[in-house]
Each structure stands twice: as structure tokens, then as C-alpha cells.
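A.B. asks: fold the following and give me the result.
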Amino acid sequence: MDGLDPGNVFLADCPARLAVEVIADKWAVVVLWGLNEGPRRHSELITLIGGISKKVLTQTLRRLQANGLVDRQNFGGVPPRVEYELTGLGRTLMAPIRMLTMWAEENGEAVLAAQEGG
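C.D. replies: Okay, here's the model as predicted:
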């Protein structure tokens, strides 16, 4: 095993559990993936992601920034120009997100079938 004690990895004060809670947010993984190709402005993320409100995107970006996954660059100007990009730590999540996406593509129909009771 990866050196993790499966009995303790998700205890309330365990760093692994705290890390999972950060990315378990409904929009966190989608926002992180949206930043995978490089820095983006808030409005670009709204368009790219779709279905997310400006307020929720702002809250998600702030949470990801507070946890060291996203960096915010303010270039000033009028109107102010702000871009968001993945930090080195944030980039480490791209491989696991890619794996989760592959799993979803391979098993999405089975999940939908189970939800429909069959």
C-alpha cells in the first residue's frame, strides 16, 4: 500500500481528509480542470465551464487559492485585469482528475442505469 494507514487516512484531523474535502466541492475539480491549459480570466472560466454563477465561481476560486491550488494575478488597469492559474500543487491534481474523467467516461452509463433502477 502507499504507506497510508487505511484506518486513519480519513480521520477528522487527518491532512488527507482535509485535502479530499477541498476537491470534493461540486465545482472545484471543474474549475481546476478549466485552468489546466493555462491562466484564465474570471469571465473566460464562466464561459468555459457553463452552469456556474459568478458568485459561486468567485467563492470556489477563493477556496482553491486559500488551499494553495490556484494563484490569482492582478494586473491592475481600468477595468482591473485579473487572471487565475494553477500553482505547482494544483498541477499535481491534473493526473488524478484525468483518471477520474476516464473512469466517468467508461462507467457513466452504468451509473445512470443504476440511478434509474436498472
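A.B. asks: what does stretch 98-111 rub up against?
C.D. replies: Stretch 98-111 has contacts (CB atoms under 8 Å, 6 or more residues apart in numbering) with Val29, Trp33. In this view, the C-beta of every residue, glycine as well, is placed from N, C-alpha and C.
A.B. asks: do a quick rundown of the helices in the protein.
C.D. replies: Taking DSSP state H as the criterion, the chain carries its helices at 15-23, 28-34, 42-49, 54-66, 88-91, 94-115.
A.B. asks: highest mean neighbour count out of those helices?
C.D. replies: Of all the helices of the chain, helix 28-34 has the most neighbours on average by mean count of other CB atoms under 10 Å, namely a mean of 20.
A.B. asks: pLDDT averaged over it, what's the number?
C.D. replies: Mean pLDDT, computed over helix 28-34, is 95.
A.B. asks: how close does the nearest residue in space to Trp33 that is not next to it in sequence sit to Gly34?
C.D. replies: Nearest non-adjacent residue to Trp33, counting by CB to CB, 6 or more residues apart in numbering: Ile97, 5.7 Å away. Noted for Ile97: a distance of 11 Å to Gly34, by CB to CB, to the nearest Å.
A.B. asks: Glu83 now?
C.D. replies: 12 Å.
A.B. asks: need the overlap of contacts for these two.
C.D. replies: Common contacts of Glu83 and Gly34 (CB under 8 Å, 6+ apart): Arg40.
A.B. asks: which residues touch Val30?
C.D. replies: The contact partners of Val30, by CB under 8 Å, 6+ apart, come to Ile49, Ile52.
A.B. asks: for the residue most central in space within the chain, what are its contacts?
C.D. replies: For the chain, the residue nearest the mean C-alpha position is Val29 (2.4 Å; CA atoms, centre = their mean). Counting by CB under 8 Å, 6+ apart, Val29 makes contact with Ile23, Leu93, Ile97, Leu100.
A.B. asks: got TSV for those, with pLDDT too?
C.D. replies: Below are the contacts of Val29 laid out as TSV (pLDDT from 0 to 100):
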residue	pLDDT
Ile23	81
Leu93	93
Ile97	91
Leu100	88
